[in-house]
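[1] this one's sequence-less:
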């Protein structure tokens with residue numbers, strides 16, 4: 001990659017020497033203090049080098065926990081969007097969150113089926129006020145998937161449910177305070193499964 005530089009350097013040196021000799025021959029010997037010729041040009045500035053980051057890279061465990069946390073938060077975003085649109089296409093959008101536990105999917109999908117059949121829709125969304133990883137296990141079932149357990153504080157007070165005719169449903173008022181929930185997710189970010197809920201429970205009567 002660094003060839004021919006010696007040859008170029010020699011040529012450049014010879015060129016400079018010849019030019020200097022020609023310049024000296026053209027000068028008037030009596031002109032001891034020649035008047036300098038003004039020059040024009042641009043001032044070059046040097047950009048200081050970027051300081052390397054001092055933050056250590058995330059460990060494998062931290063990367064897994066961060067990916068699983070993003071998965072949980074994304075679930076509540078998608079679930080709210082599905083409900084806003086009258087639960088149209090809910091199977092395709094919600095099933096991936098439960099793909100690793102078909103029994104849990106059967107339980108959860110019942111509610112979505114009923115809401116779609118009733119023609120209801122919602123406004124507002126369940127907010128994940130806080131989420132904390134309480135446990136991480138590397139491939140505990142020897143199936144190639146890690147598990148992460150979370151405790152959360154959820155707030156659904158902004159959710160309003162409407163009938164098909166647009167009237168609000170008085171039997172579907174949300175919990176009037178933030179409430180705790182737990183989730184166990186399993187997976188690997190770079191696999192077809194990604195992440196999946198294995199457990200998801202909320203304790204509405206309790207507060208957080």
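    It's in. Computed from a prediction, not measured in an experiment: that's the story for all the values here.

[2] list the buried ones in the top helix by length along the chain?
    The single longest helix within the chain, with elements called by DSSP state H, is helix 60-84. By neighbour count with 16 or more other CB atoms under 10 Å, helix 60-84 contains the buried residues 64-65, 67-69, 71-72, 75-76, 79-80, 82-83. To be clear about C-beta, it is placed using only N, CA and C from the backbone, and glycine gets the same treatment.

[3] all helices of this protein, in order?
    With DSSP H as the definition, the chain shows helices at residue ranges 5-26, 60-84, 90-94, 102-118.

[4] Endpoints of stretch 123-143, how far apart?
    For stretch 123-143, the first-to-last residue distance is 40 Å (CA to CA, to the nearest Å).

[5] Pipe the buried residues of helix 60-84 into JSON lines and attach pLDDT and distance to residue 175 per row.
    Supplementary listing: the buried residues of helix 60-84 in JSON lines, determined by pLDDT from 0 to 100; distance: CB to CB, whole Å:
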{"residue": "64", "pLDDT": "93", "distance to residue 175": "31"}
{"residue": "65", "pLDDT": "96", "distance to residue 175": "27"}
{"residue": "67", "pLDDT": "95", "distance to residue 175": "29"}
{"residue": "68", "pLDDT": "96", "distance to residue 175": "25"}
{"residue": "69", "pLDDT": "97", "distance to residue 175": "23"}
{"residue": "71", "pLDDT": "97", "distance to residue 175": "24"}
{"residue": "72", "pLDDT": "98", "distance to residue 175": "19"}
{"residue": "75", "pLDDT": "98", "distance to residue 175": "18"}
{"residue": "76", "pLDDT": "98", "distance to residue 175": "14"}
{"residue": "79", "pLDDT": "97", "distance to residue 175": "16"}
{"residue": "80", "pLDDT": "97", "distance to residue 175": "15"}
{"residue": "82", "pLDDT": "97", "distance to residue 175": "20"}
{"residue": "83", "pLDDT": "97", "distance to residue 175": "16"}
